[in-house]
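>>> dropping the sequence and predicted coords here.
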Amino acid sequence: MPHDEVSEIQRHRAKRLRREMTRAETLLWRYLKADRLSGLAFRRQTPMGHYIADFVAHSCKLIVELDGESRDFDERIRHDERRDQWFVSRGYRVLRITNEDVMKNLEGVVLSILEAAEQAAPLSLPLPRKGGGNPPASESLTPDADRAEEP
């Protein structure tokens, strides 16, 4: 799937948001950065189309959104629903977490993110080990072929 164009305004806005992260975002980022969470590479304040995702792991298509308090609660919910639908239409799963949950139960939040990442991870076939291609011609394809039949 091709990438959506991101305007320069969105890029600058994302940079500003990275500099001005909330306390909850900063605490959570300490767990998510540098592939610390099971080797998942999260990015913070990532512009995607007309939106900026708080945290995204592209490898498993997971977006983590932190929700703070809002004065216009109903409008905020409508905006979040449109935003989530846009992310989902691009194959991402959105996990919403409140700032309060991060502040009061950071370890539980991290476990929830890990569980969501495991559920969202695309299926992949394991690659053969180095030198683990086809067996040599001298090896039999059926197990126990060289053994004598027992009576």
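Received it, and whenever you're ready, just let me know what you need. Numbers count the residues shown, from 1 in each chain.
>>> isn't R93 right next to I113, touching?
No: using Cβ atoms under 8 Å, R93 is not in contact with I113; the gap is 11.0 Å. C-beta: built from backbone N, CA, C; applies to glycine.
>>> what are the boundaries of the strands in the chain?
43-48, 51-57, 62-67, 93-98 (DSSP state E).
>>> report the buried residues of stretch 80-93.
By 16 or more other Cβ atoms under 10 Å, the buried positions in stretch 80-93 come out as 83-84, 86-87, 92-93.
>>> could you export these as CSV, including distance to L27?
Below are these laid out as CSV (distance: Cβ to Cβ, whole Å):
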residue, distance to L27
R83, 23
D84, 23
W86, 27
F87, 23
Y92, 23
R93, 22
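>>> let's have the residues you listed in TSV, adding pLDDT.
Listed next are these as TSV, based on pLDDT from 0 to 100:
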residue	pLDDT
R83	92
D84	95
W86	94
F87	95
Y92	94
R93	94
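>>> quick check, nearest of those to R76?
Using Cβ to Cβ, R83 comes nearest to R76 of the buried residues of stretch 80-93, at 10.3 Å.
>>> and the closest one, what does it touch?
Shown in contact with R83 (Cβ atoms under 8 Å, 6 or more residues apart in numbering): Y51.
>>> distance of it from E118?
Here the criterion is Cβ to Cβ, to the nearest Å. By it, R83 lies 24 Å from E118.
>>> low-confidence ranges, this structure, go.
1-4, 70-72, 121-151 (pLDDT under 70).
>>> at 80 what do you get?
Along the chain, segments meeting pLDDT under 80 span 1-7, 10, 12, 34-36, 69-73, 120-151.
>>> returning to what we had before: dump the strands of the chain into CSV; add distance to E25 as well.
Output for those, formatted as CSV (distance: least, Cβ to Cβ, whole Å):
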stretch, distance to E25
strand 43-48, 7
strand 51-57, 7
strand 62-67, 6
strand 93-98, 11
